[in-house]
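Novice: need a structure here:
(2 chains)
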Amino acid sequence: MNATISLPTILRPYADGARKLDAVGSTVGEVFSELAGRHPKLAEQLLSPDGGLPVFVNVFVDDEDIRYMDGLDTGVGERTEITILPAVAGG
Amino acid sequence: MSISLPAQVREAMLAHAYACHPEESCGLLAGADDGEIRMAYPLTNILHSPTNYTIDPKEHFRSLKHADRSGWDLIGVFHSHPHTEAAPSRTDIRLATEPDWLYVLIGMERLDAPQIRAFRIRDHAVTEETLDFETPGATLAAYPINRPGEPA
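Specialist: Numbers count the residues shown, from 1 in each chain, chains lettered A, B, ... in the order given. As a prediction, this is how the structure comes out:
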């Protein structure tokens, strides 16, 4: 399945400045793994050392937060839009 | 060069700060290519804390989509300090992730004279931006803005 991934400003330098990337996979985890081959430093930001989703990264598949779906196992269909948002926080 | 802060945006930020007080309020700012602030999205602080905030990710996503549809980008974040001045805390600096965003602080040390200031935070370095306050609307007539450097 082909997915389009929208990147926030902070992650674009890890993807040669791209705002959007296309990637292939049947789950979000597979899409991220496929991206890792082309943009390994980007993948380091999207996946924690244990292979999970970092606390400060939010991922939406179409309009849904994958934390409330199946996490990185969330399915990806044809022309799925994946949006990555950094957590916005402070004190 | 100063950044124009539309009165409606200021009122939205202040109204949210008062409504959330004594918890920290938070939200996002959208703007056009010309850098002008066009919209304030008052959002939920999922921590409901007087000392910390995290924007509800779902509302962040919805705001992004609305900004996209309107031809804008998200260009900043605002939040209140319910009991202290309008300056970035150590936590604000540590967690600032967007080098091009405007970080707007609403200091409510004096509830009758909230202070609004704006900053860039890049690699833990803080630079203040000058805000150009447009004519206040009727809503805030009773709450004069205490600009930095002016007596409260």
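Novice: Could you use CA atoms for every contact and neighbour count after this?
Specialist: Noted.
Novice: The chain: strands as residue ranges?
Specialist: Defaulting to chain A. Assigned by DSSP state E, the strands in chain A fall at A:2-6, A:20-24, A:57-61, A:64-65, A:80-86, A:89-90.
Novice: Sorry, I should have been clearer: chain B.
Specialist: B:3-5, B:26-31, B:37-43, B:53-54, B:73-81, B:102-107, B:115-122, B:125-129, B:131-133.
Novice: can you list the ones you listed in JSON lines and add mean pLDDT?
Specialist: JSON lines is the format used below for the strands of chain B (pLDDT from 0 to 100):
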{"stretch": "strand B:3-5", "mean pLDDT": "91"}
{"stretch": "strand B:26-31", "mean pLDDT": "97"}
{"stretch": "strand B:37-43", "mean pLDDT": "96"}
{"stretch": "strand B:53-54", "mean pLDDT": "98"}
{"stretch": "strand B:73-81", "mean pLDDT": "96"}
{"stretch": "strand B:102-107", "mean pLDDT": "97"}
{"stretch": "strand B:115-122", "mean pLDDT": "96"}
{"stretch": "strand B:125-129", "mean pLDDT": "97"}
{"stretch": "strand B:131-133", "mean pLDDT": "90"}
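Novice: For chain A, find the nearest of the ones you listed.
Specialist: Chain A sits nearest to strand B:53-54 of all the strands of chain B, at 4.2 Å, using C-alpha to the nearest C-alpha.
Novice: Spatially central residue for chain B, please.
Specialist: B:Phe78 (2.3 Å; C-alpha atoms, centre = their mean).
Novice: how much does the helix ranked longest in chain A deviate in direction from strand A:80-86?
Specialist: Identified as the longest helix of chain A according to DSSP state H is helix A:28-38. Between helix A:28-38 and strand A:80-86, the angle comes out at 80 degrees (axes from the mean of the first three to the mean of the last three C-alpha atoms, to 10 degrees).
Novice: could you give the angle of helix A:28-38 to strand A:57-61?
Specialist: Using the same axes, to 10 degrees: helix A:28-38 against strand A:57-61 is 110 degrees.
Novice: Nearest residue to the middle of chain A?
Specialist: Looking at chain A with C-alpha atoms, centre = their mean, the centroid-closest residue comes out as A:Ile84, 5.4 Å off.
Novice: Could I get the contacting residues of the closest residue to that one other than its chain neighbours?
Specialist: Nearest residue to A:Ile84, sequence neighbours excluded (C-alpha to C-alpha, 6 or more residues apart in numbering or on different chains): A:Val59, at 4.7 Å. Applying C-alpha atoms under 8 Å, 6 or more residues apart in numbering or on different chains to A:Val59 gives the contacts A:Asp65, A:Ile66, A:Arg67, A:Ile82, A:Thr83, A:Ile84, A:Leu85.
Novice: confidence score at A:Val59?
Specialist: A:Val59 carries a pLDDT value of 97.
Novice: Kindly report the same for B:Ala141.
Specialist: pLDDT, B:Ala141: 40.
Novice: Where neighbours are concerned, which of the contacts of A:Val59 has the most?
Specialist: A:Ile82 (25 neighbours; other C-alpha atoms under 10 Å in any protein chain shown).
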